[in-house]
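Colleague: sharing a model prediction with you, sequence too.
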Amino acid sequence: QVQLVESGGGLVQAGGSLRLSCAASRRTSSTLAVGWFRQAPGKEREFVAAIGWSGGGTYYADDVKGRFTISGDNAKNTVYLQMNSLNPEDTAVYYCATGPVVAGTGDWYDYWGQGTQVTVSS
């Protein structure tokens with residue numbers, strides 16, 4: 001089992017920034033990538049960004065490219081999501097997940113955190 005704990009959410013004004021953290025209890029051969037997803041009220045869960053622990057690459061949803069940056073600290077088993085230029089449409093519960101490959105769909109991820117709320121006011 002792998003436990004994931006997200007932190008860093010909160011309330012921010014439009015144009016502001018937040019940095020989310022996702023701390024993993026351990027890494028295994030089947031948890032080589034970490035992804036961030038979000039779900040707004042009444043909407044489907046959507047992919048935000050993903051990264052491979054080996055630094056093999058990053059992958060972003062089109063609507064966050066240039067505003068969000070995903071990075072990892074292997075020594076701390078922690079992945080970060082730096083979010084800049086936030087707008088009210090970014091309001092959602094943000095979840096991190098881990099799985100075997102960097103992918104843009106949730107089906108590829110086996111372990112999920114509990115989520116952290118991000119609210120952007122206009």
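Modeller: Great, that's in hand.

Colleague: got the residue ranges for the strands in this protein?
Modeller: 4-7, 10-13, 18-24, 33-39, 46-52, 58-60, 68-73, 78-83, 92-99, 111-112, 116-121 (DSSP state E).

Colleague: in TSV, list the ones you listed along with mean pLDDT, distance to Thr105 and mean neighbour count.
Modeller: Using the backbone N, CA and C atoms, a C-beta is placed for each residue, glycine as well. As requested, the strands of the chain are exported to TSV (pLDDT from 0 to 100; distance: least, C-beta to C-beta, whole Å; neighbours: other C-beta atoms under 10 Å):
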stretch	mean pLDDT	distance to Thr105	mean neighbour count
strand 4-7	97	18	18
strand 10-13	98	28	13
strand 18-24	98	18	20
strand 33-39	97	9	24
strand 46-52	97	7	22
strand 58-60	95	11	16
strand 68-73	96	16	18
strand 78-83	97	18	22
strand 92-99	97	10	24
strand 111-112	96	13	18
strand 116-121	98	21	17
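
Colleague: what sits against the residue nearest to the spatial centre of the chain?
Modeller: For the chain, the residue nearest the mean C-alpha position is Trp36 (2.4 Å; C-alpha atoms, centre = their mean). Residues near Trp36 by C-beta atoms under 8 Å, 6 or more residues apart in numbering: 20, 22, 47-50, 70, 79, 81, 94-97.

Colleague: which residue is the nearest non-sequential neighbour of it?
Modeller: Once flanking residues are discounted, Trp36 sits nearest to Val48: 4.2 Å by C-beta to C-beta, 6 or more residues apart in numbering.
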